[in-house]
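Engineer: Below is the structure, and that's it, no one-letter string:
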């Protein structure tokens, strides 16, 4: 997976990908992060990439020309059509499903705005996706781009040492992740739930599902309701299937030699 990040601050991107799982993934050639400095493509002799907005208003706006030329250089190097993701609070909210969708791409261009944003004309020209990581405003798109890179990368086979980790994460099945415990068995008088020590894998899985349902119901009720609609036979208290009640046979259903109705 190749990430091509168009940014005014390439050092933020490269530093953010230089440690932990992302660094190991890069060392194994599972991902590649290329930070392209938009300022290198300005035609302004003072290397300016921003200017005042038409119509007035506070702040400066990134100009179309250097952004477009940076994009053109990268896209020509890739040599095929590629999705361009603009990081903006006006975009659609980033989700686990979106991460999985983007993880199927071979190349992605991530565009990071700054100041008051980017001239709308170049966005209309090159952007295929607009993504927000939440309902708040940051000083630039670099941190959101790192979030997107991290979320996508961990879905790429081989990036995580334990292939089951991504499958049990929050949102992977539509629920928040169940509570996790490690040694010691008792810490500050708090014991690990007995079922996790039982060795009974069926009971453990049911407990984890019930715990996920409980946490999701409390914190994200809309996710809980959607999950339960898809699994109407599930008992949220036990994590197992609801027991079907047996219908009592009426006396009139008995053989005629037993009772006369």
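Structural biologist: Looks like it came in fine. Remember, it's a predicted structure, so these values are computed and weren't measured experimentally.
Engineer: For this protein, which residue occupies the most central location?
Structural biologist: With distances taken as CA atoms, centre = their mean, the residue of the chain nearest its centroid is residue 96 (3.5 Å).
Engineer: Does that residue touch residue 152 like I think?
Structural biologist: No. Counting by CB atoms under 8 Å, residue 96 does not reach residue 152; the two are 10.4 Å apart. C-betas here are computed from N, CA, C, even on glycine.
Engineer: if we can go back for a sec, need the per-residue pLDDT for the residue nearest to the centre of the chain.
Structural biologist: For residue 96, the model assigns a pLDDT of 94.
Engineer: residue ranges for the helices of the stretch 101-250 of the chain, please.
Structural biologist: Under the criterion DSSP state H, counting those that start in this stretch, helices of the stretch 101-250 of the chain are mapped to 120-126, 142-153, 201-219, 221-230.
Engineer: Distance check, the residue nearest to the centre of the chain against residue 139.
Structural biologist: 26 Å (CB to CB, to the nearest Å).
Engineer: ditto for residue 66
Structural biologist: For residue 66, the distance to residue 139 - CB to CB - is 19 Å.
Engineer: For the residue nearest to the centre of the chain, grab phi and psi.
Structural biologist: Main-chain torsions, residue 96, degrees, to the nearest 10: phi -60, psi -40.
Engineer: who touches the lengthiest strand in the chain?
Structural biologist: Criterion DSSP state E: the longest strand present in the chain is strand 83-93. The contact list for strand 83-93 (CB atoms under 8 Å, 6 or more residues apart in numbering) reads 71, 98, 102, 105, 108-113, 117-118, 123, 126-138, 141, 144-145, 148.
Engineer: List buried members of those residues by neighbour count.
Structural biologist: By neighbour count, with 16 or more other CB atoms under 10 Å, the contacts of strand 83-93 hold 71, 98, 102, 108-113, 117-118, 123, 126-127, 129-133, 141, 144-145, 148 as buried.
Engineer: List the buried residues of the longest strand of the chain.
Structural biologist: 84-89, 91.
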